[in-house]
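> output the structure for:
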Amino acid sequence: MPRKRNAHRNADTPTLADVARLAGVSDITASRVVRNKGPIADATRAKVLAAIAELGYIPNRAAGSLASSGSTLMSVLLPSLSNIVFPDVLRGIHTALTETAFQPVIGVTDYDPVIEERILLSFLAWQPAAVILAGLHHTATARRHLEHGRFRVAELMDIDGDPVDIAVGMSHWQAGYDTGKHLVQRGYRRFGYAGHTIASDDRARARYDGLRAALKEAGLLLIAEERVQGGSSTLAGRHLLEAILRKAPGLDVVVFPNDDMAMGGIFHCMHAGITPKEQLGIFGFNGLDIGQALPLPLSTILSKRFLIGKTAAEKLLESRERPAEKTIINTGYDIIEGATA
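Residues are numbered from 1 along each chain as shown. Got it, this is the predicted structure:
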């Protein structure tokens, strides 16, 4: 029977005694495995670890300190700090917490749900008051801990799905759809897409799907696509545009999954003597300041990253108790017409 996620949640939280009982060992033996202290047979350790995983048990490393007075930690798990998008989110969180007693503790997941799970479990051992994560998709183990924990949860950037507690962000599918619709209305017909691997990037995949839906509605399709294996970068965007134009020289617009790659496309245009917009439309996503500082400001969609972080933290501060009803906050986005598409 699934555990409840309301006021009775505390009574359903697994204890060390539950772990010991399920593993068929003494409480002391289970404690030694959890603390990694003393000699333990490999078979016994495996049984205890299996019981911990099955029950979703989290040791309380803050017992007697933070837990006794109410934790002031907020665990923040972000995919990257080198991608300017997420420092903007973090600035929003920091702004909301500045005048409070709460402190963010940061973990970087590298867009890997397994790494996210590992960091999450490490953070939960310190009994945080809240957990902030990017996206709505996590491993089954991470999702189980988030659903049954005694803390608030805010999932950022995406609202296309079922949140654990609070979701703050935008519909990436709709953003992709509106990108396609906007460009079709501007007269573009021969579309290309140049991006990174989207297998682990749910938001980029949703925008891609939305773009294709808008094109299909207009009786169009993507003429050519190019992808780089791995993450995105400005250099990758430059190389991809060169490659896609070799494959399909008749394209009149190329859509990129983010501004970093779109700016790489602009640099290729400069190198190849192609005038953006007049000869080839270039469209990005995120609305980064550097894209708007170009001689021809980048045509793109502005994601409200600072607002997303600030709104999420402010919402978490409203109550330590998780309400029965889930909350979805759409911060929206703006189309920046720019001068490249």
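> distance of residue 163 from residue 140?
The gap separating residue 163 from residue 140 is 16 Å, by C-beta to C-beta, to the nearest Å. C-beta: built from backbone N, CA, C; applies to glycine.
> lowest-pLDDT helix or strand in the protein?
In the chain, no helix or strand scores lower on mean pLDDT, DSSP states H and E than helix 66-69, which sits at a mean of 38.
> the helix or strand following it pairs with which strands?
Going down the chain from helix 66-69, the next helix or strand is strand 73-78, by DSSP states H and E. Sheet pairing here is set by DSSP bridges, and for strand 73-78 it gives strand 103-108 (parallel), strand 130-134 (parallel).
> max-length helix in this structure?
When the chain is parsed with DSSP state H, its longest helix is helix 202-217.
> chain center to the following helix or strand past that one, what's the gap?
Downstream of helix 202-217, the next assigned helix or strand under DSSP H and E is strand 222-228. On the basis of C-alpha atoms, centre = their mean, to the nearest Å, strand 222-228 sits 24 Å off its chain's mean C-alpha point.
> please name every helix or strand in contact with strand 222-228.
When contacts are defined as 3 or more C-beta pairs under 8 Å, 6 or more residues apart in numbering; DSSP states H and E, strand 222-228 packs onto strand 191-196, helix 202-217, helix 234-247.
> now do 7 Å
Judged by 3 or more C-beta pairs under 7 Å, 6 or more residues apart in numbering; DSSP states H and E, the packing partners of strand 222-228 are strand 191-196, helix 234-247.
> out of those, which is closest to residue 301?
The closest of these to residue 301 is strand 191-196. By C-beta to C-beta, the value is 14.5 Å.
> what sits up against that closest one?
Strand 191-196 has contacts (C-beta atoms under 7 Å, 6 or more residues apart in numbering) with 204, 208, 215, 220, 222-228, 230-232, 236-237, 240-241, 244, 248, 251, 253-257, 261, 265.
> hmm, try it at 6 Å
Here strand 191-196 makes contact (C-beta atoms under 6 Å, 6 or more residues apart in numbering) with 222-228, 231-232, 240-241, 244, 251, 253-257.
> list the pairing partners of it within its sheet, with orientation.
Strand pairing (DSSP bridges) places strand 191-196 next to strand 222-228 (parallel), strand 253-255 (parallel).
> following element in sequence after the shortest one, please.
Past strand 253-255, heading to the C-terminal end, the next element that is a helix or strand (DSSP H and E) is helix 259-272.
> just want the angle from that next one to helix 234-247.
Using axes from the mean of the first three to the mean of the last three C-alpha atoms, to 10 degrees, the inter-axis angle of helix 259-272 relative to helix 234-247 is 60 degrees.
> now the strands paired with strand 191-196 in CSV, with distance to residue 152 and mean pLDDT?
Below are the strands paired with strand 191-196 laid out as CSV (distance: least, C-beta to C-beta, whole Å; pLDDT from 0 to 100):
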stretch, distance to residue 152, mean pLDDT
strand 222-228, 37, 94
strand 253-255, 36, 98
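> pick the most deeply packed of those.
strand 253-255 (a mean of 29; mean count of other C-beta atoms under 10 Å).
> tell me where the model's unsure across the protein.
The chain contains residues with pLDDT under 70 at 1-12, 60-70, 200.
> how's it carved up into domains?
1-57, 62-170+306-332, 172-303 (automatic domain parsing).
> how about the contacts made by the residue nearest the centre of the chain?
With distances taken as C-alpha atoms, centre = their mean, residue 134 lies nearest the centre of the chain, 2.8 Å away. Residue 134 makes contact with 78-79, 156-157, according to C-beta under 6 Å, 6+ apart.
> distance check, it against residue 187.
36 Å.
> okay, helices next: where are they in this structure?
Going by DSSP H, the chain shows helices at 16-23, 27-35, 42-55, 66-69, 85-97, 113-124, 140-148, 172-185, 202-217, 234-247, 259-272, 289-292, 305-317.
> check contacts around the closest residue to residue 339 other than its chain neighbours.
Using C-beta to C-beta, 6 or more residues apart in numbering and skipping the chain neighbours, the partner closest in space to residue 339 is residue 296 (4.2 Å). Shown in contact with residue 296 (C-beta under 6 Å, 6+ apart): 276, 339-340.
> ok, the closest residue to residue 313 other than its chain neighbours - contacts?
Leaving aside its sequence neighbours, residue 313 sits nearest to residue 96 (C-beta to C-beta, 6+ apart; 3.5 Å). By C-beta under 6 Å, 6+ apart, the residues touching residue 96 are 310, 313-314.
> which of those has the most neighbours?
Tallying neighbours with other C-beta atoms under 10 Å puts residue 313 at the head of the contacts of residue 96, with 27 neighbours.
> isn't it up against residue 92?
No. Look at residue 313 against residue 92 with C-beta atoms under 6 Å: they stay out of range, at 7.0 Å.
> and the gap between the residue nearest to residue 272 when sequence neighbours are not counted and residue 277?
Spatial nearest neighbour of residue 272, chain neighbours left out: residue 242 (7.4 Å); criterion: C-beta to C-beta, 6+ apart. Noted for residue 242: a distance of 19 Å to residue 277, by C-beta to C-beta.
> now for residue 335: which residues touch it?
Residue 335 touches 182, 301, counting by C-beta under 6 Å, 6+ apart.
> since we're on residue 128, how many residues are nearby?
Neighbour count of residue 128, defined by other C-beta under 10 Å: 26.
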